[in-house]
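Novice: Starting from these lines, generate the structure:
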Amino acid sequence: MRRATSLLLAQHKPFSFLSPSTAPRGNKKFAVDLLVQKNNAVAAPWVTNAQLGAPPRSADHPRSVPGLVCIGRLDADTTGLMLWTDDADMARRVMSADSGVEKEYLVRVKGHEAWDERRRERTTRLLAHGMAIDGVPLHRATAGWLNGEQLRVVLTEGRHRQVRKMCDMVGLEVLALKRVRIGPIRLGGLRTGQWSALPSHLQRRLWAAAVGQDAPGDGSVPGGSSRECAIPAEGTLPKRRNSTRVTSSRVVNEVVI
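Specialist: Predicted structure coming up:
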């Protein structure tokens, strides 16, 4: 199995923050600017994250690491798990549609309130198989109702706004969308705006998933708080959206959607 990459971080991206972009910054807020020590989910300083499996860094904080790229962009209005690495090969392999690495989302929707059970079941079958975007068939997915207003959708590809487009094609409007897993890496209790360096065994598990191998073990992100987990234990999105203020140097309150 491949050795651990030089750097792999997990981040809980807040609402309204953008993934990497070449567009002028202006007043835009970028997720990478949250990768500073004050948002580290682990109390130890960044340079001591070596004990979690990542080598010591000379940079003051991850956002200044040369060659840092994200694994799997998220739209500004989508929250949840983003991964960061300075290993471009790792990023390409994980996000390749041919890798088969799963991306799991929780989706709150409306437009189905008057549907009967048969219509609901037919909708999840359509979401799972038989859809196309711009004439190109989608890979087989997994979809199912978590409760009366939320779906769980698992993809093995990541086209632009794919989950939202899929829901729109079956008559559902997306109210909230959160990514909770990439391959073996789960968002877990990582608070909104926080990041955590991933230990070497999780790095190896992610690589194994990208090349179609199995690697046992838990995929929880270190430093998450089970008490203040943004995703309740039953695995659903919270019912209320709380207002908050998030800055590039400090997360003031936890954001939930």
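
Novice: Make sure D33 is indeed in a helix.
Specialist: Yes. Counting by DSSP: H, G, I helix; E, B strand; the rest coil, one finds D33 located in a helix.

Novice: which non-adjacent residue is nearest V180?
Specialist: Of all residues beyond its chain neighbours, the one nearest V180 is L187 (4.7 Å), with distances taken as CB to CB, 6 or more residues apart in numbering. C-beta: built from backbone N, CA, C; applies to glycine.

Novice: so C70 touches A88, yeah?
Specialist: No. Using CB atoms under 8 Å, C70 and A88 do not qualify as a contacting pair, with a distance of 11.3 Å.

Novice: quick one: the residue nearest to V180 from G212, how far?
Specialist: In this structure, L187 and G212 are separated by 23 Å, where distance is defined by CB to CB, to the nearest Å.

Novice: Distance of C70 relative to D33?
Specialist: C70 sits 13 Å away from D33, going by CB to CB.

Novice: Could you do T79 as well?
Specialist: With distances defined as CB to CB, the gap from T79 to D33 amounts to 16 Å.

Novice: Between those two, which has more neighbouring residues?
Specialist: T79 (27 against 17; other CB atoms under 10 Å).

Novice: what about the closest residue to that one other than its chain neighbours, which helix or strand?
Specialist: In this structure, T79 finds its nearest non-sequential neighbour in K178, 4.8 Å apart by CB to CB, 6+ apart. Secondary structure assignment for K178, by DSSP states H and E: strand 173-182.

Novice: Could you pull out the buried residues of that strand?
Specialist: When neighbours are counted by 16 or more other CB atoms under 10 Å, the buried residues of strand 173-182 are found to be 174, 176-182.

Novice: Please compute how far that strand lies from its chain's middle.
Specialist: Mean-position distance between strand 173-182 and its chain equals 9 Å (CA atoms, centre = their mean, to the nearest Å).

Novice: Indicate each strand paired with that strand and its parallel or antiparallel sense.
Specialist: Within its sheet, strand 173-182 is paired with strand 79-85 (parallel), strand 103-110 (antiparallel), strand 185-186 (antiparallel), according to DSSP bridges.
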